[in-house]
Structure formats: C-alpha cells, structure tokens
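Chemist: Here is the input, now give the coordinates:
(one chain, ligands or ions: 1)
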Amino acid sequence: MIIKRIKRKLYKALHPVMGEIWMLHRVVEHRSDKPEQRALEVTPDFLEQTILDYRQKGYTFISIDKLPIFDSQFSIFNSARFVCLTFDDGYRDNYTLAYPLLKSLGVPFSVYVTTGFIDNRLRMWWYPSEQLGITTDELKVLAADPLCTIGAHTVSHPRLDTLTREEQYKEIADSKQTLEKLLGHPIHHFSFPHGAHNDDTLAICRQLGFHTVSMAWGGPVRQGSILTLLPRISTIEP
Ligand SMILES: [Zn+2]
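Modeler: Numbering: from 1, shown residues only. Here you go, the predicted structure:
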C-alpha cells in the first residue's frame, strides 16, 4: 500500500501536468431531475463561468488537433497549461447551445459523434422519450467551422470490450468512414463509448491511424501521456 502510494507520487513528480481534456455531453437550459441524465448535463452559464475561471488562471483553450504539436512543446518550463473541450455522443444541443457560446468565447471544441444517432436513426436509450441526435445539416455546419473538430464514437455506442475483434472493427471503422463521406475530410480523433476498451480496441485504433484516442477518465494530461490513450476529466455541474 505504502509502496504503491510512493510509486504514484514519484510518477506524478516525474510527469508534470500539461493540461486537461474535459469530457462533456449535453448543454441544456434546464437540467433533468433524473441523476443519471443530470450527470451528463451542464448549463450554458456553468460552462461559460468555468471557462472564464480557467482563462483567469492562465489556461489556454486549444483544439484537440493541436495536441500532437503541444505534446512536444509543453514542458515543465512552460507555465501555460491547456484545456481541450470534448463533447461525446453527438447531441443536437452541442449545435444549438454549446456552439454559439463557444464561438462567442473563441473556444475550440470537438464533438465525438456516434453515427447511428445522426438524424435519430438510432435512439439514445438513456434518454428513452426524447430525440436528441444532431442532424446531418447541423453536423456539416459544425464541421465547416475551424473552431470545431469532429471525431468518431462508433456506430451504435456499444461497450467495445464486450465485442469480438471483428465487431469492434466494424463499429469503429464504419463510424470513421461514414463521417468522412458525410463531411468530405479525414477523421483523426476517436473516443471510447462508456470508456470501455481492451487490447483489440487499441490495436484497431492504431491500425485506422487515429491521431488521438480519448478515454473517459484518467485525470489531467501529463508529460508522457500517450496520444492514443488520452486521459480526460468529466466536467460535472454540481
Ligand atoms: Zn458516449
């Protein structure tokens, strides 16, 4: 136990924090009373205030596309830390509420889209009575803005670690290809639904050539963090 704690402290000392990747889902005016839905929702006011607080503390908001470059530039001698904003699943409110706010603040962000949710072809079963998926037209507007980076998040949002390698490949590769066809440019980023993955998932992501792959936990990005297994921090409104 003590050795574990010392090892952890040593790791942290040798791998200074470079920044944070925030994991968000929905932006809503009125949050749900159901705890499991509420945990996925932040209000525009909360998001704006959190961004302004971090800016005040000297953080720089950067696009996930810039991360590979920053990876080599950020060092213990660089006092500025970065934040990347990421939204999972592909909710319509990312376009209707998050986008105008982030545009007015000049904050880059990425949206990891589960392609089955586009135009509500598949339902988000954790919101059984609502149609919350982004539309094709809205997605195209986001993708055309340099402030926004679109990433993939599978076709049907399964737990990838419960699937065979072939099934995983189809889920990951098909979502990447569908987005590339729809938007007309390569998709370089991916995040795991439910954060779930195994060795096959990592091998497939490497094979498909993603520049970054994000987890659903892991704390801040540290020196030595791997771009194809990036830690994120859940941004939760109290
Ligand atoms: Zn998800």
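
Chemist: contacts and neighbour counts: CA atoms only from here.
Modeler: OK.

Chemist: ok, which stretches of this structure are helices?
Modeler: For the chain, the helices defined by DSSP state H cover 2-14, 35-38, 44-56, 67-73, 93, 99-105, 136-144, 165-183, 199-207.

Chemist: Quick check: mean pLDDT of the fourth one?
Modeler: By that I understand helix 67-73. For helix 67-73, mean pLDDT is 60.

Chemist: Residue ranges in the protein under the pLDDT threshold?
Modeler: 68-79 (pLDDT under 70).

Chemist: switch the cut-off to 90
Modeler: 1-18, 66-81, 128-129, 222-226 (pLDDT under 90).

Chemist: Residue nearest the middle of it, spatially speaking?
Modeler: residue 86 (3.5 Å; CA atoms, centre = their mean).

Chemist: who are the neighbours in contact with it?
Modeler: Shown in contact with residue 86 (CA atoms under 8 Å, 6 or more residues apart in numbering): 21, 22, 23, 24, 109, 110, 111, 112.

Chemist: Next: residue 162.
Modeler: By CA under 8 Å, 6+ apart, residue 162 has no neighbours at all.

Chemist: I figured residue 93 hits residue 25, correct?
Modeler: No - counting by CA atoms under 8 Å, residue 93 does not reach residue 25; the two are 9.3 Å apart.

Chemist: The two: which is more packed in?
Modeler: residue 25 (23 against 17; other CA atoms under 10 Å).

Chemist: Isn't the more buried one up against residue 41?
Modeler: Yes - using CA under 8 Å, residue 25 is in contact with residue 41, at 6.5 Å.

Chemist: The ion contacts on the protein?
Modeler: Proximity of the chain to the ion (CA under 5 Å from the ion) is limited to residues 88, 89, 193.

Chemist: Now residue 46. Nearest residue, chain neighbours left out?
Modeler: Closest residue in space to residue 46, ignoring its immediate chain neighbours: residue 237 at 7.0 Å, by CA to CA, 6 or more residues apart in numbering.

Chemist: Now the phi/psi pair for that neighbour, please.
Modeler: phi -80, psi 130 (degrees, to the nearest 10).

Chemist: which among the residues of the chain next to the ion end up buried?
Modeler: Neighbour counting with 16 or more other CA atoms under 10 Å marks 88, 89, 193 as buried within the residues of the chain next to the ion.

Chemist: can you pull up the bridge partners for the first one?
Modeler: Applying DSSP bridges to residue 88 gives these bridge partners: residue 112.
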